[in-house]
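Novice: Got a predicted structure here, sequence first:
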Amino acid sequence: MNNLTDFLINPNETGVCVKTYTVGLEKIEEFYQHTHDLVSKFKLGGTSEFVDRILSKDINEQRWELKFRLATAFSFMIANEKKCKPQVCDFFKFKPEDLETIEDSNISQHYKYRRFFTGGFLTSRIYPEHTEILYVDFKISKRKKLVLIEVISLKETGLKLFDDLISCLPVLQTSVTEISKRKSHSEKNIFKVYPMAIDLWIDEEDKFLLNENLKNFLNASVKYYFQKEFRTSIILSSIAVESIFAELFEEAYKKTAPDIPLGGLIKQVKEKIPIPEDISVKISDLNKARIASVHRSEDPVSDKDSIVSMMGVAALIKWYLENY
């Protein structure tokens, strides 16, 4: 069982890699000023009052402003800092030849490739080629004028991708300070990356091709999770589980699965097929979240309920693919 599957089935036991950094806003301004001539030339905004402009906004606007400035800086830096290519390509997941089309003389290419640089390096990413995910988040400390950066990955690979990128960036390579590095087994950090891991798993698991509907339900569940539509996400995970139990019923009873609630279907399947206890517990948790979502109980469902539902799907699918 590879690292990704280990994490999906037993995330608390497997844990994640967590690293935190700080960098001064003034240093980010200096990094931004590294592209000042190009920024001014194409009238994409100057560097005057950079720090004050960011800190004068509310929290959400601060984050948007900083991401926009970093995206702009990265785009123009890559057009000029050729020595950065290997690390930048690996981090942003594109081929070196793609960068050749970003030229100072053709500003339209800046917009064409904006999608690669959204948020600069402060944006989470999935790396199928490394079977890795990289969750990146940040906060701005107004009092200290610092940016606090948190990076979470499944393996050391993700942290190295981040470190390699920083090591080649003008100004930031000597300004970003590592605060801590550790292995974490807490739900707080696991839940931040679990939906991304599910998303990666869907692409990695070839056997999903045997059941396109199952793949679609999981894709949609992850999509609605990121849109904070937790009820819809839970229901879609439940439909994926229901489709598997319907197949199990038809295998066991040699007839079409009945149109009954999930709980009843599970009960009938268990009368014929022994379901491992750990999977039964996870499916039970999923069904509780499903009932709360469908009946819109007084207790609102949360992101945790959505992730618990995904955990139930992952455990059931792994067992199902190994046995049927």
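Specialist: Arrived safely. Since the model is a prediction, treat every value here as computed from it, not as a measurement.

Novice: Quick one: end-to-end distance for stretch 177-194.
Specialist: Terminal residues of stretch 177-194 are spaced 27 Å apart (Cα to Cα, to the nearest Å).

Novice: Quick one: mean pLDDT over that stretch.
Specialist: For stretch 177-194, mean pLDDT rounds to 96.

Novice: So for that stretch, what gets flagged as buried?
Specialist: Buried residues in stretch 177-194, counting neighbours by 16 or more other Cβ atoms under 10 Å, are found at 189-190, 192-194. Using the backbone N, CA and C atoms, a C-beta is placed for each residue, glycine as well.

Novice: List the contacts of that stretch.
Specialist: 8, 11-13, 15-23, 133, 135, 137, 152-154, 159, 303-304, 307, 310-311 (Cβ atoms under 8 Å, 6 or more residues apart in numbering).

Novice: which neighbours does the strand or helix carrying Val136 have in its sheet, and in what orientation?
Specialist: With elements taken from DSSP states H and E, the one containing Val136 is strand 132-141. When pairing is defined by DSSP bridges, strand 132-141 lines up against strand 125-127 (antiparallel), strand 146-153 (antiparallel).

Novice: Show me how far that strand is from its chain's centre.
Specialist: 10 Å (Cα atoms, centre = their mean, to the nearest Å).

Novice: repeat for stretch 239-255
Specialist: 31 Å.

Novice: part of a strand, is Phe68?
Specialist: No - assigned with DSSP: H, G, I helix; E, B strand; the rest coil, Phe68 falls outside any strand and is helix.

Novice: contacting residues around it?
Specialist: Phe68 neighbours (Cβ under 8 Å, 6+ apart): none.

Novice: Ok, the one 5 residues further on next?
Specialist: Residues in contact with Ala73, defined by Cβ under 8 Å, 6+ apart, are 31-32, 34-35, 39, 120.

Novice: Off-centre distance for the helix or strand hosting it?
Specialist: Assigned by DSSP H and E, Ala73 falls within helix 59-80. Relative to the chain's own centre, helix 59-80 is displaced by 20 Å; criterion: Cα atoms, centre = their mean.

Novice: do the same with stretch 49-63
Specialist: With Cα atoms, centre = their mean, you get 25 Å for stretch 49-63.

Novice: and what of stretch 144-153?
Specialist: Distance, centroid of stretch 144-153 to centroid of chain: 17 Å (Cα atoms, centre = their mean).

Novice: Okay, buried residues for that stretch please.
Specialist: For stretch 144-153, the neighbour count (16+ other Cβ under 10 Å) marks 145-147, 149-153 as buried.

Novice: Now do the contacts for the most centrally placed residue in the chain.
Specialist: Among the residues of the chain, the one closest to the centroid is Met196, at 3.7 Å (Cα atoms, centre = their mean). For Met196, the residues meeting the contact criterion (Cβ under 8 Å, 6+ apart) are 124, 126, 133, 135.

Novice: residues near the last one, how many?
Specialist: Going back to what we said before, that points to Tyr135. By the measure other Cβ atoms under 10 Å, the count of residues near Tyr135 is 23.

Novice: Wait, it touches Ser124, no?
Specialist: Yes - assessed by Cβ atoms under 8 Å, Tyr135 is found in contact with Ser124 at 4.8 Å.

Novice: Can you list the low-confidence ranges for this protein?
Specialist: 1, 36-48, 79-84, 96, 98-117, 205-210, 296-299 (pLDDT under 70).

Novice: Domain-wise, how is it divided?
Specialist: Following automatic domain parsing, one gets these domains for the chain: 17-184, 205-323.

Novice: wait, which of those is closest to Leu4?
Specialist: Of all those, domain 17-184 sits nearest to Leu4, with 5.4 Å by Cβ to Cβ.

Novice: and Thr157, how many neighbours does it have?
Specialist: Around Thr157 there are 16 residues (other Cβ under 10 Å).

Novice: how near is it to Leu134?
Specialist: Here Thr157 is placed at a distance of 9 Å from Leu134 (Cβ to Cβ, to the nearest Å).

Novice: Identify the contacts common to those two.
Specialist: Tyr127.

Novice: buried ones in stretch 245-256?
Specialist: For stretch 245-256, by 16+ other Cβ under 10 Å, it's 245-249.

Novice: Would you format the residues you listed as CSV with distance to Lys183 and secondary structure included?
Specialist: Shown next, in CSV, are those (distance: Cβ to Cβ, whole Å; DSSP: H, G, I helix; E, B strand; the rest coil):
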residue, distance to Lys183, secondary structure
Phe245, 36, helix
Ala246, 39, helix
Glu247, 38, helix
Leu248, 37, helix
Phe249, 41, helix
